[in-house]
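Asks: sequence? don't have it. structure:
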């Protein structure tokens, strides 16, 4: 069954058809590992319905690597075919892909923290963007502390962009869509699982209040994707605000992301190790 992902696939196809003579004149070359890593970075961070040949980020990368926007959007579609969350919903990406895409997908999956940082750095180098962290780097002397801080900031930015893009920049519990009030919440805390710190499947898009409640264990999301409140909240009948802002969502199913669905193992961890059930 086709879905909205076919939109950017068909858009890329139409663009390619209109420019078929130009493409035949251009020499064919394989995608390098660096190019694939940066393409996957964009796949993670561009919202589903905005992956198309007119997207400024797609155009920017196309210019940086000497390819057409059509080629870049097709590459993103190739990554979509590998997404387990999409496969479960019978959503197909591009029907043909290369082994190298599978290798990049697996490389990220095996070490999100390292690959998120590497891909962000490569994207900066290829596009010539000025790093947001120049001022941070200047404030600290050379050494491990500065390197660790820069890496953490870069990876936090990647994680937030990937999680918000997956959920369409809406809180998965309330549907709130004011960007300034949204947070990419870690299911397994940042300090616990280094390898999955930047794994989008370790994230939920929550508004600031529910993020705080989730972080301190006053609510959780069960493996069947329902909101569950701690008894510490439910046993306080005099707390009207708690009933209004938290209690009304007890037992409600969260809105599923378009990709990178939350990992059930991570949800089990939060239920058992973070959630204050009693």
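Replies: Ah, there it is. Nothing here was measured: the structure is a model prediction, and the numbers come from that model. Numbering: from 1, shown residues only.
Asks: how close does the closest residue to residue 271 other than its chain neighbours sit to residue 60?
Replies: Counting by Cβ to Cβ, 6 or more residues apart in numbering, residue 271 lies nearest to residue 220, which is 5.2 Å off, once chain neighbours are set aside. From N, CA and C alone the C-beta is placed, and that goes for glycine too. From residue 220 across to residue 60, the span is 39 Å (Cβ to Cβ, to the nearest Å).
Asks: the more surrounded of those two?
Replies: Neighbour totals were compared for residue 220 and residue 60, and residue 220 leads with 22 against 18 (other Cβ atoms under 10 Å).
Asks: beta-bridge partners for that one, please?
Replies: For residue 220, the beta-bridge partners are residue 228 (DSSP bridges).
Asks: residues contacting the residue nearest to residue 271?
Replies: Contacts here follow Cβ atoms under 8 Å, 6 or more residues apart in numbering; on that basis residue 220 touches 214, 227-228, 230, 267, 270-271, 274-275.
Asks: quick one: which of those residues is most hemmed in?
Replies: Across the contacts of residue 220, neighbour numbers were computed from other Cβ under 10 Å; residue 270 holds the maximum, 25 neighbours.
Asks: which of the residues in the one helix or strand residue 161 maps to are buried?
Replies: Per DSSP states H and E, residue 161 falls inside helix 144-166. Buried residues in helix 144-166, defined by neighbour count with 16 or more other Cβ atoms under 10 Å: 146, 150-151, 153-155, 157-166.
Asks: tell me the two of those residues that are most distant?
Replies: Farthest apart among these by Cβ to Cβ are 146 and 166. That separation is 30.7 Å.
Asks: what about residue 49, neighbour count?
Replies: 12.
Asks: same check on residue 30?
Replies: 8.
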